[in-house]
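Participant: Provided below for reference: sequence and predicted model.
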Amino acid sequence: MEDHNTANLSEPASPANSVASAEIAAEFAALSVEEKEQRRAEWSQELARVEEEINTLRTVLASKTRHASDLKRKLGITVWKEVTDDVNQGLKNLKESTVYQSVEQSVGTFTKTVYEAPLYQRTESVLKSTGEKTASVFGSITSGISSKLSQMKNSESMRSIEASVGSAYENVKALSSVVRWRSLIR
């Protein structure tokens, strides 16, 4: 049993601890059986005391957490508000960071360079000209269609059609009145 515990003590967690662990293991191995048992008893007592302190701290922390939650509830602070505040603060911190500001400055410089580039200027000019010509073409097409519709509306054939439709409408209206009167008389 002693060899197993000694082996656990000598297992290094990292290279920096390996020298210290080896020294502790060597010191422990050099002790007599009574001293080893006494040392183990001390360590067991200390471990029990530390675990008791940990449990006490957990209890106090849980109590403080409940009290903080009650105060937040009374103040109207919700989880959503806390998350929102945290996100807003994070965004504020990000915008104030030097990395963000240097990226923003770089993007601004790049945008300015693109706008001032001759290729962009020519492309913008061509697109503007094309837009104006397209608007002009659509304007003339619309004007032509309006003119043709106006001419059609004022033509003799359209007036004849209007008169015929109007006459048919009046006949249907008169016929429906007659049918309605007949159904009332019966």
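Facilitator: Here it is on my side, so go on. A quick note: this is a predicted structure, and the numbers were derived from the prediction, not measured.
Participant: if you average pLDDT per helix and strand, which one of the protein comes out bottom?
Facilitator: helix 2-10 (a mean of 45; mean pLDDT, DSSP states H and E).
Participant: which secondary structure elements does the helix or strand following it contact?
Facilitator: Downstream of helix 2-10, the first helix or strand assigned by DSSP states H and E is helix 15-30. Helix 15-30 sits against helix 2-10, with contacts defined as 3 or more CB pairs under 8 Å, 6 or more residues apart in numbering; DSSP states H and E. Where C-beta positions appear, they are placed from N, C-alpha and C, glycine not excepted.
Participant: can you give the distance of the top helix by length along the chain from its chain's centre?
Facilitator: Ranked by residue count and defined by DSSP state H, the top helix of the chain is helix 33-75. Distance, stretch centre to chain centre, for helix 33-75: 40 Å (CA atoms, centre = their mean, to the nearest Å).
Participant: can you list the domain ranges for this protein.
Facilitator: 16-77, 86-125, 157-185 (the TED database).
Participant: least confident of those domains, on average?
Facilitator: Of all the domains of the chain, mean pLDDT reaches its minimum on domain 157-185 (a mean of 74).
Participant: if we can go back for a sec, turn the domains of the chain into TSV, columns for distance to Ser143 and mean neighbour count.
Facilitator: Shown next, in TSV, are those (distance: least, CB to CB, whole Å; neighbours: other CB atoms under 10 Å):
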stretch	distance to Ser143	mean neighbour count
domain 16-77	64	11
domain 86-125	27	10
domain 157-185	20	10
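Participant: helix/strand/coil for the residue positioned nearest the centre of the chain?
Facilitator: For the chain, the residue nearest the mean C-alpha position is Val87 (10.5 Å; CA atoms, centre = their mean). Here Val87 is helix, with the state taken from DSSP: H, G, I helix; E, B strand; the rest coil.
Participant: right, I'll call it a day here.
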